[in-house]
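Enquirer: following is a predicted model, sequence given first.
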Amino acid sequence: MEEEDEERCRQRRLEEALEVKSLRRIISAYLNYPEAAHEDVNRYERCFKKLSPAHKDLLSHSPTKFQRLRRCISINSRFIFTMLEAFDPPLDMSQDMDICEEPHEHPHNDNLFSGERNACPCHPASTSGRMCFTEADQACSGEQNNEIHKTSEVMDTNEEVEAEDSYKSKTSSLRADLENRKETDQSCSNDIADSNGNVSSSPREWLNPSFQLNVPLVDVDKVRCIVRNVVRDWAAEGQKERDQCYKPILEELDALFPNRSDESPPACLVPGAGLGRLALEISCLGFVSQGNEFSYYMMICSSFILNHSETAGEWTIYPWIHSNCNSLSDSDQLRPVLIPDIHPASAGITEGFSMCGGDFVEVYNDPSQIGVWDAVVTCFFIDTAHNIVEYIEIISKILKEGGVWINLGPLLYHFADMYGQEDEMSIELSLEDVKKVALHYGFEFEKEKTIETTYTTNPRSMMQNRYYAAFWTARKKSASLKHASS
Ligand SMILES: C[S@@+](CC[C@H](N)C(=O)[O-])C[C@H]1O[C@@H](n2cnc3c(N)ncnc32)[C@H](O)[C@@H]1O
């Protein structure tokens, strides 16, 4: 018995260490962003230098563009860095150091938590509407201790930023920032020894360059994707896309729940909530809204925007600098975007708004979730499943009888075409079969249409990928009706 307990403990420690490892890798990807982005500019410069003098003369503005790109990267990096400073990891970041030394020894997993701890890592917002993202057993702590710098304080985009010609000087200044902060943290924190005499790690030491892993460039690409997602959810430029995707959902919810009362607002779950805007809008509509998301990339960023924004337009980022393709002009490519377009805390959220970290299947396929939700909203989500049948079954289970499932999205199966990973489960159904499965799980389709939309697309690009997304409202039949029809 004791041996079993020990084995379970050992297993759990190992799992936790792997989670920490995976989170370290994601933090490292964020921290590697400046280096990777500056390396791209180095490449543009090398190519430019290879041109003949005549061709160089023709493109004499290019060196200035490279310099501007570097400044934009610095400003993006500052945003990312401040976001990481504000992040409170839900795990003890010092614990994996001995167990996993090699950066690539484990399959990479972007996801939050795994195994049992997924059971319910959900965090209600406090009455102030603050969204919490901490471990399940930690109370919502309210104010963060760490100081947040706004871009406007650090770098004014209208000001001439000091010339930073080499990527090195830029990184070293970021590192200097880091060292300074570390010293401050150490002087402010009273490291507390536990009963075993272990001293807890000092705050933010996981941001120290010595803890940073070298991550593959694909990981840094994910950071660039997050920057594009920020535009979709939190910039005025994303409004058109939000109108295409979120507005029909919000209008449908508004029409289906006309008598929402402050005393007992209906409960709505948004699995795969991304950066949280749709979940926030649903909250503002008068629902007890919960976003569920399993990517740390997403959660670190949404937590920052939702909890730490002080005003609308507080941050400037340059989301489009990473591609030279399909630009109409350099100024289009180098245009700044202000975020967030609204101040989330003043948006009028309904009490009970929360973001729940973890895998949808693991968190919600739990007896405590049966018949809990009045509405489930899936936007660009159902095709993320390994097994879409399982997603639909869970959605049906967690809805109340008569509850509604509103879906908008394509069927671009996330795990399709995973060449070389033979055991990767992926059930890829046509829309017709998805609907058949939904009928089987007791849904009745009340509304169906196709919505043309983009997803994280640069609105000024010469390339605009479009989806003809399926939109539906399906109602979970009540048990008596189900019996009658079967
Ligand atoms: C295509 S994005 C859509 C995000 C958002 N709904 C939107 O429309 O912008 C899909 C999201 O689902 C998340 N996701 C994928 N599988 C998940 C799972 N099993 N549990 C929770 N979230 C998941 C991804 O991390 C990603 O943020």
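Expert: Right, received. Where do you want to start? Residues are numbered from 1 along each chain as shown.

Enquirer: now the strands for this structure?
Expert: Assigned by DSSP state E, the strands in the chain fall at 122-124, 267-271, 288-293, 315-317, 337-339, 354-357, 373-379, 399-409, 443-453, 467-476.

Enquirer: nearest to Leu217, of those?
Expert: The closest of those to Leu217 is strand 315-317. By Cβ to Cβ, the value is 20.3 Å. C-betas here are computed from N, CA, C, even on glycine.

Enquirer: and the closest one, what does it pack onto?
Expert: Where contact means 3 or more Cβ pairs under 8 Å, 6 or more residues apart in numbering; DSSP states H and E, strand 315-317 is packed against helix 62-86, helix 151-154, strand 337-339.

Enquirer: direction included, what does that strand pair up with?
Expert: Paired with strand 315-317 in the same sheet, following DSSP bridges, are strand 337-339 (antiparallel).

Enquirer: ok, residues contacting the partner strand?
Expert: The contact list for strand 337-339 (Cβ atoms under 8 Å, 6 or more residues apart in numbering) reads 230-231, 234-237, 305, 312-319.

Enquirer: same deal with stretch 244-255?
Expert: Here stretch 244-255 makes contact (Cβ under 8 Å, 6+ apart) with 268, 277-278, 281-282, 285, 287, 375, 377, 379-380, 406, 408, 447, 451-455, 469, 471, 473.

Enquirer: report pLDDT for Glu164.
Expert: pLDDT recorded at Glu164 is 32.

Enquirer: and stretch 50-64, what's its mean pLDDT?
Expert: The average of the pLDDT scores along stretch 50-64 is 98.

Enquirer: list the buried residues in it.
Expert: Residues Ser62 are the ones in stretch 50-64 that count as buried (16 or more other Cβ atoms under 10 Å).

Enquirer: do the same with stretch 406-426
Expert: Ile406, Asn407, Leu408, Gly409, Pro410, Leu411, Tyr413, Phe415.

Enquirer: any idea which residue of the protein is furthest from its center?
Expert: Distance to the chain centre peaks in the chain at Ala54, reaching 46.3 Å (criterion: Cα atoms, centre = their mean).

Enquirer: how near is that residue to Ser60?
Expert: Between Ala54 and Ser60 the computed distance is 11 Å (Cβ to Cβ, to the nearest Å).

Enquirer: again with His38
Expert: As for His38, its distance to Ser60 is 22 Å (criterion: Cβ to Cβ).

Enquirer: and for Thr453?
Expert: Distance of Thr453 to Ser60, given as Cβ to Cβ: 41 Å.

Enquirer: tally up the residues packed near the residue nearest to Arg335 when sequence neighbours are not counted, please.
Expert: Sequence neighbours aside, Trp320 is the residue nearest to Arg335 in space, at 6.8 Å (criterion: Cβ to Cβ, 6 or more residues apart in numbering). Trp320: 22 surrounding residues under other Cβ atoms under 10 Å.

Enquirer: mind putting the strands of the chain in TSV, distance to Leu91 included?
Expert: Output for the strands of the chain, formatted as TSV (distance: least, Cβ to Cβ, whole Å):
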stretch	distance to Leu91
strand 122-124	15
strand 267-271	23
strand 288-293	17
strand 315-317	27
strand 337-339	28
strand 354-357	11
strand 373-379	28
strand 399-409	31
strand 443-453	36
strand 467-476	36
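
Enquirer: which of the ones you listed sits closest to Pro34?
Expert: strand 315-317 (13.3 Å).

Enquirer: just give the closest residue to Phe257, not the sequence neighbours.
Expert: Here the residue nearest Phe257, using Cβ to Cβ, 6+ apart, is Pro266, at 5.1 Å.

Enquirer: list the contacts for that neighbour?
Expert: Residues counted as contacts of Pro266 (Cβ under 8 Å, 6+ apart) are Phe257, Arg260, Gly286, Phe287, Val288, Asp374, Ala375.

Enquirer: buried ones in stretch 459-477?
Expert: Buried residues in stretch 459-477, counted by 16+ other Cβ under 10 Å: Arg460, Ser461, Tyr467, Ala469, Ala470, Phe471, Trp472, Thr473, Ala474, Arg475, Lys476, Lys477.

Enquirer: from the ligand, how far off is the nearest residue to the last one once chain neighbours are set aside?
Expert: This means Lys477. Computed as Cβ to Cβ, 6+ apart, the closest residue to Lys477 that is not its neighbour in sequence is Gly442, at 5.0 Å. Using Cβ to the nearest ligand atom, to the nearest Å, one gets 22 Å for the distance from Gly442 to the ligand.

Enquirer: swap in Leu217?
Expert: Distance from Leu217 to the ligand, counting by Cβ to the nearest ligand atom: 20 Å.

Enquirer: measure how buried that residue is and give me the count.
Expert: When counting by other Cβ under 10 Å, one arrives at 11 neighbours for Leu217.

Enquirer: just checking, Val20 touches Met93?
Expert: Yes: at 5.9 Å, Val20 counts as touching Met93 under the criterion of Cβ atoms under 8 Å.

Enquirer: looking only at neighbour counts, state which of those two leads.
Expert: Ranked by neighbour count (other Cβ under 10 Å), Val20 and Met93 place Val20 first, with 22 against 19.

Enquirer: if I pick the residue lying closest to Ala347 once chain neighbours are set aside, what's in contact with it?
Expert: Once flanking residues are discounted, Ala347 sits nearest to Cys284: 5.2 Å by Cβ to Cβ, 6+ apart. With contacts defined as Cβ under 8 Å, 6+ apart, Cys284 is in contact with Ala347, Gly348, Ile349, Thr350.

Enquirer: just the buried residues of those residues.
Expert: Taking 16+ other Cβ under 10 Å as the criterion, what is buried in the contacts of Cys284 is Ala347, Ile349, Thr350.

Enquirer: could I get those residues in JSON lines, plus columns for distance to Ile392?
Expert: Shown next, in JSON lines, are the buried ones among the contacts of Cys284 (distance: Cβ to Cβ, whole Å):
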{"residue": "Ala347", "distance to Ile392": "31"}
{"residue": "Ile349", "distance to Ile392": "29"}
{"residue": "Thr350", "distance to Ile392": "27"}
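
Enquirer: how about Pro336, what does it touch?
Expert: Pro336 makes contact with Cys72, Thr157, Thr316, Ile317, Tyr318, according to Cβ under 8 Å, 6+ apart.

Enquirer: most neighbours among these, please name it.
Expert: Ranked by the number of neighbours (other Cβ under 10 Å), the contacts of Pro336 place Cys72 first, at 25 neighbours.

Enquirer: excluding its backbone neighbours, what's nearest that one?
Expert: Distances taken as Cβ to Cβ, 6+ apart put Tyr318 closest to Cys72, at 3.6 Å, once the chain neighbours are dropped.

Enquirer: in this structure the one you found contacts Arg68, no?
Expert: No: Tyr318 lies out of contact with Arg68 (Cβ under 8 Å); the separation is 9.2 Å.
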